[in-house]
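Participant: Any chance you could fold what I've pasted below:
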Amino acid sequence: LEGSPAIFRSGYSSRRFSILYVGVAVFISLVWGADTSTAQELVKLRVADTSSPRDTLRSFIDAANEVHVLIRKETYLDRGDPEHMALAARVLDCIDDSELPAFARRERAGEVAVCLKEILDRVQLPSWEEIPDKEEIIAAGGLEALTDYRLPDTRITISRVEQGPRRHEYLFSPGTVDRAVEYYHTIASSPYRTDGPEVSEDLYRWYLSSPGHPALAAIVKQLPDNMRLGRTWGVANWKWPGLIVAFLVALVLMACAYRTQLSFTSRAREMGLFWYWLTLVFPVFAMLVPLALKYTAYRYLTLRSTPLYITDFIAVFIALVAAIIVIFAISNRIAASIIASPSINPAGLNAQLIRIVCQLASLVLVVTLFLVGGQYLGIPIATVLASAGIGGVAVALAAQDTLKTLFGTVNLLSDKPFRVGDRIIFK
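Facilitator: Model prediction:
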């Protein structure tokens, strides 16, 4: 690194950069995902028919059975294979996931689909002729004549979507989706039915224990049954080592990123704006690490059920906190870039006003991120707003003198009622 600033030439710094370089390389390789040439291939598979309760139920069962045939043959579902994903999408297309929390919507919808299939494989299904189809709905008076269809003697309801991009489609209702996992566990000990559509035996067991990558699947296949199929706290035993390592690697990478930022930022500020802005890469990298952990847990370790939702929640929450740090870091650099103008005295009142305005703008962005992030994590927006309102009132009451001083300072700096050298008389 000859010719580079001194802060980038020390052995200690080099070791840190090596760790971060490896971390960046691993992150890019994970997020890049499947081979781009494979992803560009056109996969022509039929989509789910959700035009009537009969078509929705038949599409769901047929697609789930195709998935079961695939996993029995290959022992895993490759999320990097467009054909595999198109098949899984047909299953998920039959489910109304609009009320699932955004941070784990895809993951929860997958578990719901598996549980629904296990339930349908255990209950007595009516004949296809007994389930309303498009012709019967039209003959009965159109879509308005049938809003819901409930499978006899079950808690499973197929409802017509009333609004949104999937309006007038018949999907497994939000209520069915919400209680599907609980419903499955109440009948999990029941035997599979012996008539009607084909059943997918042990689909839920496979869902909890299967790997998500062909290389990993080959390794897991060689493990003893207690490691491959056994579970501890809802997680397959073979997944625990990988999960622990993934968490430790994420913690080390984030710690290295923040320590490197703290070490370099003050010196980089003295060296110039370019180097000061360059240090922003460290908090941005730290923000991306928990998202890579979330991706790894779902794509490669294939965590399922509650452990996956907890991991996703923690990862997204940490990423939101890291995003707040990035917002403040960007605010400081914007202020420094404006103050660097030759027309602004760095020690003058204008410079102080610029810093205060940038900090206030960053606070507005942080509050917005708090509200949006809370909703994404599944916290009702009304609860988030109420919490923010109560917290704002508490802060305002506790720090009213400080706030008055702050706003008075901003007012003086912006109005400039006097200048250096003026005589001020207080009455």
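Participant: check contacts around Ser159.
Facilitator: Asp96, Thr147, Asp148, Tyr149, Tyr170, Leu171, Phe172, Ser173 (CB atoms under 8 Å, 6 or more residues apart in numbering). Where you see a C-beta, it was placed from the backbone N, CA and C, and this is true even at glycine.
Participant: Mind picking the lowest-pLDDT entry from those?
Facilitator: Looking at those, model confidence by pLDDT dips furthest at Thr147: 87.
Participant: my guess is it meets Ile158, correct?
Facilitator: No: Thr147 is beyond contact range of Ile158, at 10.2 Å (criterion: CB atoms under 8 Å).
Participant: From the contacts of Ser159, pick the one nearest Thr186.
Facilitator: For the contacts of Ser159, the residue nearest Thr186 by CB to CB is Phe172; the value is 17.4 Å.
Participant: what number of residues lie near that closest one?
Facilitator: 24 (other CB atoms under 10 Å).
Participant: Are we agreed that Leu253 is in a helix?
Facilitator: Yes: Leu253 sits within a helix when classified using DSSP: H, G, I helix; E, B strand; the rest coil.
Participant: is it true that it touches Ala286?
Facilitator: Yes: Leu253 is within contact range of Ala286, at 7.5 Å (criterion: CB under 8 Å).
Participant: Give the residue from the two that has the larger number of neighbours.
Facilitator: Ala286 (27 against 24).
Participant: all strands of the stretch 1-150 of the chain, in order?
Facilitator: With strands called from DSSP state E, counting those that start in this stretch, the stretch 1-150 of the chain shows them at 148-150.
Participant: Below-threshold pLDDT in it: ranges please.
Facilitator: 1-46, 74-80, 142-144 (pLDDT under 70).
Participant: Which parts of it are helices?
Facilitator: For the stretch 1-150 of the chain, the helices defined by DSSP state H, counting those that start in this stretch occupy 11-32, 36-39, 53-74, 82-92, 105-120, 134-139.
Participant: The fifth one packs against which elements?
Facilitator: The elements that helix 105-120 packs onto, with contact taken as 3 or more CB pairs under 8 Å, 6 or more residues apart in numbering; DSSP states H and E, are helix 53-74, helix 82-92, helix 174-187, helix 203-209, helix 305-339.
Participant: how about those helices, which one is nearest Leu243?
Facilitator: helix 305-339 (7.7 Å).
Participant: What's the mean pLDDT across whichever helix or strand comes after that closest one?
Facilitator: Next along the chain after helix 305-339, taking DSSP states H and E as the criterion, comes helix 349-376. Taken as a whole, helix 349-376 carries a mean pLDDT of 84.
Participant: who's in contact with the spatially most central residue of the chain?
Facilitator: Taking CA atoms, centre = their mean, the centroid of the chain lies closest to Phe103, which sits 4.1 Å from it. Residues counted as contacts of Phe103 (CB under 8 Å, 6+ apart) are Asp312, Phe313, Val316, Tyr376, Leu377, Gly378.
Participant: Let's see that with 6 Å instead.
Facilitator: Asp312, Val316, Tyr376, Leu377 (CB atoms under 6 Å, 6 or more residues apart in numbering).
Participant: Out of those residues, which comes closest to Glu66?
Facilitator: If you rank the contacts of Phe103 by distance to Glu66 using CB to CB, Asp312 comes first, at 27.4 Å.
Participant: Grab the nearest non-local neighbour of that closest one.
Facilitator: Spatial nearest neighbour of Asp312, chain neighbours left out: Ala104 (4.6 Å); criterion: CB to CB, 6 or more residues apart in numbering.
Participant: now do Glu201
Facilitator: Closest to Glu201 by CB to CB, 6+ apart is Tyr192, at 6.2 Å.
Participant: Which secondary structure state does that neighbour sit in?
Facilitator: coil.
Participant: I figured it hits Val199, correct?
Facilitator: Yes: with contact defined as CB atoms under 6 Å, Tyr192 and Val199 form a contacting pair (4.8 Å).
Participant: what separates Gln222 from Tyr207, distance-wise?
Facilitator: As judged by CB to CB, to the nearest Å, Gln222 and Tyr207 stand 21 Å apart.
Participant: Please say which of these two ends up with more neighbours.
Facilitator: Tyr207 (20 against 8).
Participant: any idea how far the more buried one lies from Asn332?
Facilitator: Tyr207 is 47 Å from Asn332, by CB to CB.
Participant: Repeat that for Asn65.
Facilitator: Distance from Asn65 to Asn332, by CB to CB: 57 Å.
Participant: Leu369 now?
Facilitator: Counting by CB to CB, the gap from Leu369 to Asn332 is 17 Å.
Participant: where are the low-confidence patches of the stretch 251-400 of the chain?
Facilitator: 349, 380-400.
Participant: Would you tell me what helix or strand Leu293 is located in?
Facilitator: helix 281-299.
Participant: What residues sit buried inside that helix?
Facilitator: By neighbour count on 16 or more other CB atoms under 10 Å, the buried set for helix 281-299 is 282-294, 296-299.
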